[in-house]
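1. Give me the fold of what follows.
(one chain, ligands or ions: 2)
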Amino acid sequence: MIIIKAGGSAITKKSQEFTPNMEVISNLSKEIKDARKVSVLVHGAGSYGHPIAKKYSLGQGYFDRKQLKGFSETRASVSELDGIILKSLIQSDLMPVKIGTFSNFITNDGRILEFYKEPLLRAIELGLLPVFTGDLVFDKTRVFSVLSGDQIVSYLSKLIKPSRVIFGTDVDGIYTGDPKKEKATHIKKITEDNIKEVFKFTKDIEDASGGMKGKFSEILSMFEMGIEIDVINLTKKGILAKALKGNVKGTVIKKENI
Ligand code: ADP
Ligand code: IPE
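-> Ligands and ions are numbered 1, 2, ... in the order given. Down below sits the predicted model:
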């Protein structure tokens, strides 16, 4: 089983609010269809979620009634992007089935506490393609929180134990720093030997759900489980198809001895 996380940086145009990257979404759908190997797709919110979440400080949890407008708007916007992705998957002759994040997860202080797993397990058994999105959820201590697709992926990994997890973003994998902002070196392979070093390099940039820092901590928990995590560029056609065949042009993160 393979889980794919299609990052918001790839499937939406992050600099333009509420703008999908249709070319990336359509290639993603076709490459998933051709590979016939993907069990679960999780996608991010990108410019459909982060700008509103930021405007209303939703990442901090509930502190003001005024945030509720933003809560409502974010959920509607994320659902809109979800709809675009589901439609594209169906056009590629896949059988996606949305598993609602808001309705199935409860967090505690930002971490998943409860998940109703039955629909996911049954969907996989039937041969449907379960689709999750990063979204807002209710939280036991913060009233609500932003649940990232990255955390959903690491949680689901414990549940369904995939052989591989693929993260797609808008850059060629993991670098020694943000390649868009500084001169950074690409890292081809991350193992037990250099994982701590790579973490040290990574700057504390954050979006509503933790940014690269958040992604790294989720990757670390899957790494510890012995799962191979590939980070690839989803904006370049064919890279996902290659990765699904085992030819990863990006960063491979894996404990060497497993
Ligand atoms: P997602 O697509 O899942 O939302 P993010 O936007 O959270 O992904 O993270 C991807 C972005 O992180 C890239 O666009 C890149 O500019 C930035 N980034 C920051 N630090 C790094 C790093 N060390 N390696 C790779 N990308 C990085
Ligand atoms: C964020 O989900 C959800 C909201 C902002 C409501 P993700 O964290 O998975 O989204 P991306 O991949 O960073 O865009």
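2. all contacts plus neighbour counts: C-alpha atoms, from now on.
-> Will do.
3. How about residues contacting the lowest-mean-pLDDT helix or strand in the chain?
-> Least confident helix or strand, the chain: helix 195-201 with a mean of 76, by mean pLDDT, DSSP states H and E. With CA atoms under 8 Å, 6 or more residues apart in numbering as the test, helix 195-201 has contacts from Thr176, Gly177, Ile190, Phe216.
4. cool, stretch 224-236 as well?
-> So stretch 224-236 is contacted by 6, 10-11, 24, 28, 161-174, 219, 222-223, 239-240, 243, 248-255, 258 (CA under 8 Å, 6+ apart).
5. The residues you listed: which ones sit near ligand 1?
-> Restricting the contacts of stretch 224-236 to those near ligand 1 by CA under 6 Å from any ligand atom leaves Ala10, Thr169, Asp170, Val171, Gly173, Ile174.
6. which ones among those residues are found in helices?
-> Among these, the ones falling in helices (DSSP state H) are Ala10.
7. what two of the ones next to ligand 1 among the contacts of stretch 224-236 have the greatest distance between them?
-> Farthest-apart pair in these is Ala10 and Ile174; separation 14.7 Å (CA to CA).
8. Near ligand 1, which residues of the stretch 101-250 of the chain are found?
-> Checking the stretch 101-250 of the chain against ligand 1 by CA under 6 Å from any ligand atom, the hits are 169-171, 173-180, 202, 211-212.
9. Throw the residues you listed into TSV and include neighbour count and pLDDT, thanks.
-> Output for these, formatted as TSV (neighbours: other CA atoms under 10 Å; pLDDT from 0 to 100):
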residue	neighbour count	pLDDT
Thr169	22	97
Asp170	19	96
Val171	20	97
Gly173	22	96
Ile174	28	94
Tyr175	19	92
Thr176	18	89
Gly177	18	86
Asp178	17	89
Pro179	15	92
Lys180	8	91
Thr202	16	59
Gly211	15	69
Met212	18	79
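10. of these, closest to Lys66?
-> Using CA to CA, these come closest to Lys66 at Gly211, 24.8 Å.
11. element containing the residue in the chain sticking out farthest from the centre, please.
-> Within the chain, the residue lying farthest from the chain centre (CA atoms, centre = their mean) is Arg65, at 28.9 Å. Counting by DSSP states H and E, no helix or strand carries Arg65.
12. residues touching it, list them.
-> Counted by CA under 8 Å, 6+ apart, Arg65 has zero contacts.
13. Need phi/psi at it.
-> Reported as degrees, to the nearest 10, the phi and psi values for Arg65 are phi -60, psi -30.
14. Would you quantify the distance from it to ligand 1?
-> Look at Arg65 and ligand 1: by CA to the nearest ligand atom, to the nearest Å, they are 28 Å apart.
15. Quick check: pLDDT value at that residue.
-> Looking at Arg65, its pLDDT stands at 98.
16. Same question for the helix or strand Val24 falls within: list its buried residues.
-> Using DSSP H and E, Val24 maps to helix 22-35. By neighbour count on 16 or more other CA atoms under 10 Å, the buried set for helix 22-35 is Met22, Val24, Ile25, Ser26, Asn27, Leu28, Ser29, Lys30, Glu31, Ile32, Lys33.
17. Since that was my last question, I'll sign off now.
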